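Colleague: sharing a model that was predicted from the sequence below.
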Amino acid sequence: MRLRAFLWLALSSFPSSSLWGETRPRYGGTLNVDLSSTFNSLDATEVPQVIWRLIGQTLVRINSHGEPEPLLASGWQREADGLRWRFSLRNDVHFQDGEALNAGTVAPILLPVLKMLHGDVAITAGGSTLVIQAASGLPNLPSELADPRAAIVRTSEANIPVGTGPFRVANWEPGRRLALAAFEDYWGSRPFLDSILVSLGSTRASADLFDVPFSSPRRILPESAHLWQSAPRELLALVAQNVRPELVHAFALAIDRAPIVNVLAQRRGVPAFGLLPQWLSGYEFLFQNPLDITRAREIVSGLRNGPITMSYPANDSFARAVAERIALNARDAGIAVQVSTNVGAGLRLMRCPIESPDSAAGLVNVGRCLGFPEQAILLDSSKPDRLYQAERALLESNRVVPLAHLDSVYGLSSRVHTEDSGSQNPLTPHLDDFWVDP
């Protein structure tokens with residue numbers, strides 16, 4: 001399973017010479033970034049990962065092989081009983097306000113995050129050592145600590161995040177603009193750029209870096225732009241609320257996923273039959289079911305069911321187009337569907353990011369996003385059979401219908417260069433490795 005992910009990454013992120021390494025790195029300059037989305041708070045749950053990881057860092061990160069490796073932690077050890085972990089911290093790290101990183105500053109930041117996953121968790125801090133334990137066990141703790149929400153970030157008196165990353169917040173205009181400045185004392189060596197200026201809610205494609213969204217209006221890409229494309233990293237799915245399981249199964253058989261991916265998503269993704277994409281789980285192909293309108297009609301004919309309301313996120317034109325397409329498929333199967341933005345609808349069209357190259361962490365996060373807290377269970381990524389069984393159980397409950405796994409795409413101007421070949425993470429570009437021509 002790990003090898004599949006690595007081979008996919010090696011093929012998909014092979015760099016073109018015009019973007020990667022043609023010029024020698026240089027220091028200085030500002031990277032201008034245009035994002036089509038907006039966010040009104042600097043919180044890990046709102047800020048896109050491509051920006052958040054510049055500010056806050058985690059004790060652990062997941063490498064391109066899907067394996068945890070040290071970041072702010074220098075190492076860790078799992079004790080024999082499996083209930084306790086001992087983490088050693090790097091001794092050369094400072095927060096962006098100058099305060100030294102130690103176990104005493106890390107523990108109060110991590111404890112609330114871990115209690116959301118494991119109510120009985122406890123942390124003991126001493127010097128540069130953290131001891132984390134829970135009576136129920138923590139088999140996948142290193143991967144959990146790589147989640148962006150577990151970033152070691154404090155909040156200043158001005159409600160600005162203060163982390164340990166290569167850039168600090170210099171100016172923040174909620175919903176409009178975010179300015180980041182290089183952190184001169186960053187433990188991992190100063191980044192090449194002096195600053196990064198992020199404009200929110202932009203429809204332009206003239207910045208040094210810009211996202212290419214699915215929603216309208218779509219960007220017109222300059223001919224000179226280079227593209228960075230992720231692995232499939234977002235799940236598009238239908239979630240049922242108080243809808244008969246048999247009817248949900250009929251939906252799964254009636255929906256033609258190919259036009260969703262090829263037309264509406266402009267081939268920036270793949271049809272989905274599982275919660276995790278094939279490159280991450282290695283077993284998604286086992287869930288594939290062919291389009292079967294005839295069988296869907298047979299199921300519907302045996303049910304007495306009125307119109308179903310299907311909701312999509314407001315102000316998401318891509319999701320609306322998908323919802324309308326699904327309604328057409330459902331009509332062919334004899335199901336009447338009304339499309340709306342009513343959050344109390346029987347079916348909800350949802351988009352859930354996959355933020356980790358670790359399969360266990362990815363499954364837990366997707367399950368939580370979809371509203372299935374029972375999926376936030378102890379999963380060990382070294383035991384793929386358990387992951388498969390947990391995912392299969394949810395799919396067979398007929399509460400969720402996967403539709404597509406979507407890519408993220410960024411456009412970059414010709415003056416942008418980077419040493420990041422994509423080998424660190426297939427899900428997001430690493431802007432701290434970027435530099436720009438004068």
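Modeller: Yep, that arrived.

Colleague: any low-confidence regions in the chain?
Modeller: Residues of the chain that meet the criterion pLDDT under 70 lie in 1-23, 216-219, 373-384, 420-425.

Colleague: quick one: the strands in the stretch 101-250 of the chain?
Modeller: 122-126, 129-133, 154-155, 161-162, 167-173, 177-182, 195-200, 209-211, 226-229, 234-240 (DSSP state E, counting those that start in this stretch).

Colleague: how about the ones you listed, which one is nearest residue 418?
Modeller: With CB to CB, the closest approach to residue 418 among these belongs to strand 226-229: 8.8 Å. All C-beta spots, glycine's among them, are computed from the backbone N, C-alpha and C.

Colleague: packing partners of that closest one?
Modeller: strand 409-412 (3 or more CB pairs under 8 Å, 6 or more residues apart in numbering; DSSP states H and E).

Colleague: hmm, who's touching the strand it packs on?
Modeller: 19, 50, 205, 208-212, 219, 221-222, 225-230, 268, 429 (CB atoms under 8 Å, 6 or more residues apart in numbering).

Colleague: try stretch 293-310
Modeller: 238, 243-244, 246-247, 249-251, 253-254, 323, 326-327, 330, 332-340, 342, 345-349.

Colleague: from the chain's centre, how far out does it sit?
Modeller: How far stretch 293-310 lies from its chain's middle: 34 Å, per CA atoms, centre = their mean, to the nearest Å.

Colleague: what comes up buried for it?
Modeller: Going by neighbour count (16 or more other CB atoms under 10 Å), the buried part of stretch 293-310 is 293, 295-297, 299-300, 308-310.

Colleague: what's the end-to-end length of it?
Modeller: 19 Å (CA to CA, to the nearest Å).

Colleague: repeat for stretch 157-165
Modeller: 19 Å.

Colleague: and for stretch 327-338?
Modeller: 7 Å.

Colleague: can you give the distance of it from its chain's centre?
Modeller: 31 Å.

Colleague: also stretch 352-367?
Modeller: The mean C-alpha position of stretch 352-367 is separated from the chain mean by 7 Å, CA atoms, centre = their mean.

Colleague: what does stretch 27-46 give?
Modeller: Here stretch 27-46 is found 16 Å from its chain centre; the criterion is CA atoms, centre = their mean.

Colleague: in stretch 337-354, what counts as buried?
Modeller: Per 16+ other CB under 10 Å, stretch 337-354 contains these buried residues: 337, 339, 345-354.

Colleague: wait, which of the strands of the stretch 101-250 of the chain is closest to residue 30?
Modeller: Per CB to CB, nearest to residue 30 of the strands of the stretch 101-250 of the chain: strand 195-200, 4.7 Å.

Colleague: name every strand pairing with the closest one and say which way it goes.
Modeller: strand 30-35 (parallel), strand 177-182 (antiparallel) (DSSP bridges).

Colleague: which one of those lies closest to residue 88?
Modeller: strand 177-182 (27.7 Å).
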